[in-house]
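Sequence and predicted structure below; questions after.
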Amino acid sequence: MTITSLSSRELNHDVSSAKKATQNGPVIITDRGKPSHVLMTYGEFERLTGKRRNLVDALSMPGLSDIDFDAPRIEIAARLMDLS
């Protein structure tokens, strides 16, 4: 993730490049040298605000196939019942 910083003037002159920069991380907008706003993708905004996703969306997230998960096998043995 790359954090980009732009002045308000730079943002006003080239909004499209600021929007493209959000694909790599947040863009901090400064006003008189001090951070005042943050520009980010809507997807990142949803992630940060905790929007709930359905199971299909969660399982189709890019990069999940790269995670190795081997669940241990559980053996369930039958128990004898005493019916006396």
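Thanks, I have the structure now.

Show me where this structure has its helices.
With DSSP state H as the criterion, the chain has helices at 8-13, 15-21, 42-49, 55-59.

And the contacts of the second one?
Going back to what we said before, that points to helix 15-21. Helix 15-21 is touched from outside by 2, 4, 6, 10-11, 27, 39, with contacts defined as Cβ atoms under 8 Å, 6 or more residues apart in numbering. Bear in mind the C-beta positions are built from the backbone N, C-alpha and C, glycine included.

which stretch in the helices of the chain has the least confidence?
With a mean of 73, helix 55-59 has the lowest mean pLDDT of the helices of the chain.

Put the alpha carbons of it into PDB.
What follows is helix 55-59, C-alpha atoms only, in PDB (Å, rounded to 0.1, in the frame of the first residue of the first chain):
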ATOM      1  CA  LEU A  55     -20.900 -15.500   2.100                       C
ATOM      2  CA  VAL A  56     -20.500 -15.700  -1.700                       C
ATOM      3  CA  ASP A  57     -18.800 -12.200  -1.800                       C
ATOM      4  CA  ALA A  58     -16.500 -13.100   1.100                       C
ATOM      5  CA  LEU A  59     -15.400 -16.400  -0.500                       C
END
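
Let me see the residues that make contact with that helix.
Contacts of helix 55-59 (Cβ under 8 Å, 6+ apart): none.

for that helix, the distance to its chain's centre please.
Its chain's C-alpha centre lies 13 Å from the corresponding centre of helix 55-59 when counted by Cα atoms, centre = their mean, to the nearest Å.

what do you get for stretch 56-66?
With Cα atoms, centre = their mean as the basis, stretch 56-66 stands 12 Å off its chain's centre.
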